[in-house]
Structure formats: structure tokens, C-alpha cells
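Participant: For reference, the sequence and a predicted model appear below.
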Amino acid sequence: MPQTITVKVKLLPTKEQILILREMSLTYISTINTLVSEMMVEKKSTKKTSKDLSVSLPSAVKNQAIKDAKSVFKKVTKSKFTIIPVLKKPVCIWNNQNYSFDFTHISMPLMINGKATKTPIRALLVDKDNRNFDLLKHKLGTLRITQKANKWMAQISVNISTVEGTGLKVMGVDLGLKVPAVGVTDDEKVRFFGNGRRNKYKKRKYRSERKALGKKKKINALRNSKDKEQRWMKNQDHKTSREIVNFAISNKISVIRLEQLANIRQTARTSRKNEKNLHSWSFFRLSQFIEYKAKLSGIKVEFVNPSYTSQICPNCSEINKAKDRKYYCKCGFKKHRDIVGAMNIRYAPVIDGNSQSA
């Protein structure tokens, strides 16, 4: 079954290209907003084509704008016209038949002197270890270009065909703060992943740094510090998810089970000193990384109901609360509490659909 992954590529446009991209992005959003407004008035989807739009955009981009406007209008109809969306963030999108990427440049039609001219823009892969090179060798989907602060980014959707295994071996994975992840296979092999202490130290260090920069009113340095922290944490999530999937492969696991992430911030085990970390921790991102890396390796990912997974005794089903980091039961069973969570996740009821953001 196909798996769609978004790969980010940093763009290094010239001054002239920046002006063109900025103008096209604003025009693209304005076109979508205008089409949606017209459809709301008429209470039906538009039948316009690129020939009907007198805006300075390549015909392929006009068609994509019409497609996106119809998608937005569909959401409006589902809300029974109670939501009136207005897109504000400048963006421009090309379909996969109208651009090419050779790992050094992305070439797409830009409006130059009123004409659509295919133009190469210098590109730089974001990840230093070039983990995205292999992904970009697969079938490319739509190209989305956005501007964040003074940086231009290309988001390329990549369609990858995957084949899920047919085995029955299951591994439960429990996500947390002090221990980023714990995996337990159905033959009781246990592995701890990531370094929670180091992660929390880094986050405290960056918070302290930003507090000092805030007092000095160094806004740009403050923003750069936050971006640097996010890049570091994202890299840790990549490494942790890769370790989890490699462990699953080495143990011939066919299904990885994770907790559904809805309300994890309300149910996660934490303390007052961990509260700041809990609300800035991207459980969803780590879960996503595990999911797509597993699927690329032919391993199915399922999400389960997290209720009582850390409290039910895997031996006798008695409900107990862990004390400190240890879980004890009257039947004599005792384990690290995160291991108990992962053990129960293996056999918890599977929930249909994807997890929710956390």
C-alpha cells in the first residue's frame, strides 16, 4: 500500500526569484480566497478552469488553486456554512508534472515578464546526514513552497509503495518523558530507547538561554534559539524512531502498537517539575516518525486505547498504581512502570484510524 511522506528542502533563491515567489504566493492565496467566496455565494462548487482566471500564474498553478479552493469549500459545506475560511499564509503549489528536482536545483514554471518560464532555484536538503536522499528517489508528488521569516522552504510529497508483513509478532511501545520510549515484544524482549535526561537538560538549557535573550530584547537571537532547539529535538526523534524500527526488524516484528495520542497531555505520568517539558514535547512527531519508518520496512502500525495501560497488571489484570518508577502487584509481579505500559499496549484494544495530534 502507498505511503506519502513530506520531505523538506531549503531553497536559496536569488533576489529576483524571491520577488517572483513572493508575488506568486500572494496571488495564489488571493485566488483561492476569491474562488471560495464565489462558491459560498452560489452555494455550489465552481466549474471554472484555468482559462477563466485572469491572474498572473502559470496554468498548472491556476489548476492547483482551483483544486485547493474546491477542497476548502468542501470543508465549508460540511460545517453547514458556519465556518468562513480565509487563507492568509502565502504559499504556492505545483503538481508533480510541472517541476523537476535534481538534488541541487528545483525547476518549476515562474511568471517572468508575464510568461510562465521554467526556472531552476538552488536547493539544499535540510538534514545534514542526507537521510532524505533515498526518499527523494521515489515518485514525487506535489511541490509546496512557503516562506518562514526570511527562509524559503520547499515541501515535496513523496509517494512510496510499501508492503506490510503477514506475520503475527507484536511489539508494544510506550512513549514518555523520562524514558522517551520503551518497547516490549510478545516474547518479552525489552529495550529502552532515547535519553530523557539529556533531552530535558537540553530543553532547560535553551529555555534559560531564551530567558536571558528576552531580557536583552534580542528578538532574532531568541527566534534562532527556538529554531535550534526544535531542530535538535526533531533529530533526536528521528534517531529514536530509527532505533525502534531497527529493533523491530531484528526481532522479526510484524506489528508495532502505540497508544492513541488523544489527551496524552492529560493522562501522561508527570510531576510539577516536568510540566513545562510535557506541554512542549512532540509525542505526535515521534509517533509519526515511528509509523512511516515502520511502514517503509513492511511493519504495520496500530494505535490502541491507552486506558489503564500503565496500571493493569500483565500477570493477573489487577489495577495498581506505580510508586516512583516501580510497579508492584499483590500477585508478586514487579517491573519498571514503563515496561508495564508497553506490555499492556501489545494487547490493548486497537482503535481504527490514525492518532490525534499531541
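Facilitator: Thanks, I have the structure now. Numbering: from 1, shown residues only.
Participant: What backbone torsions are found at the residue lying closest to K334 once chain neighbours are set aside?
Facilitator: Residue nearest to K334 in three dimensions, not counting chain neighbours: Y328, with 4.9 Å by C-beta to C-beta, 6 or more residues apart in numbering. Every C-beta, even on glycine, is put in place using the N, C-alpha and C of the backbone. Reported as degrees, to the nearest 10, the phi and psi values for Y328 are phi -120, psi 140.
Participant: please renumber so the chain begins at 146
Facilitator: Will do, 146 is the new start, and the previous item becomes Y473.
Participant: ok, Y473 to A214 distance?
Facilitator: Between Y473 and A214 the computed distance is 59 Å (C-beta to C-beta, to the nearest Å).
Participant: Quick check on these two: which one has the bigger neighbour count.
Facilitator: The neighbour comparison of Y473 against A214 (other C-beta atoms under 10 Å) goes to A214, with 23 against 15.
Participant: hang on, the more buried one packs against L198?
Facilitator: No. Checked against C-beta atoms under 8 Å, the pair A214 and L198 is beyond contact range at 10.3 Å.
Participant: what is in contact with these two at once?
Facilitator: Any residue near both A214 and L198 by C-beta atoms under 8 Å, 6 or more residues apart in numbering counts here, and that gives T176.
Participant: per-domain residue ranges of the protein.
Facilitator: Structurally, the chain divides into domains by automatic domain parsing as follows: 147-306, 315-496.
Participant: which of these sits most buried?
Facilitator: Greatest average neighbour count among the domains of the chain goes to domain 315-496 (a mean of 17), per mean count of other C-beta atoms under 10 Å.
Participant: Just the pLDDT for the residue nearest to K479.
Facilitator: Reported pLDDT at Y473 in the predicted model: 91.
Participant: With E420 instead?
Facilitator: The model's pLDDT for E420 equals 46.
Participant: which residues of the chain score low on pLDDT?
Facilitator: Along the chain, segments meeting pLDDT under 70 span 146-147, 271-277, 307-312, 407-426, 497-503.
Participant: can you give me the helices in it?
Facilitator: Residue ranges of the helices in the chain, as given by DSSP state H, are 160-187, 204-223, 277-280, 341-360, 364-395, 409-412, 420-423, 428-441, 482-492.
Participant: Please produce a markdown table containing these, extended by distance to M298.
Facilitator: A markdown table is the format used below for the helices of the chain (distance: least, C-beta to C-beta, whole Å):
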| stretch | distance to M298 |
| --- | --- |
| helix 160-187 | 11 |
| helix 204-223 | 17 |
| helix 277-280 | 13 |
| helix 341-360 | 22 |
| helix 364-395 | 12 |
| helix 409-412 | 28 |
| helix 420-423 | 27 |
| helix 428-441 | 17 |
| helix 482-492 | 35 |
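Participant: Indicate which one of these is closest to A326.
Facilitator: The closest of these to A326 is helix 364-395. By C-beta to C-beta, the value is 5.9 Å.
Participant: How far away from the center of its chain is the closest one?
Facilitator: 12 Å (C-alpha atoms, centre = their mean, to the nearest Å).
Participant: could you say what helices and strands it packs with?
Facilitator: Packing partners of helix 364-395 (3 or more C-beta pairs under 8 Å, 6 or more residues apart in numbering; DSSP states H and E): strand 315-320, strand 326-330, strand 335-338, helix 341-360, strand 400-404, helix 428-441.
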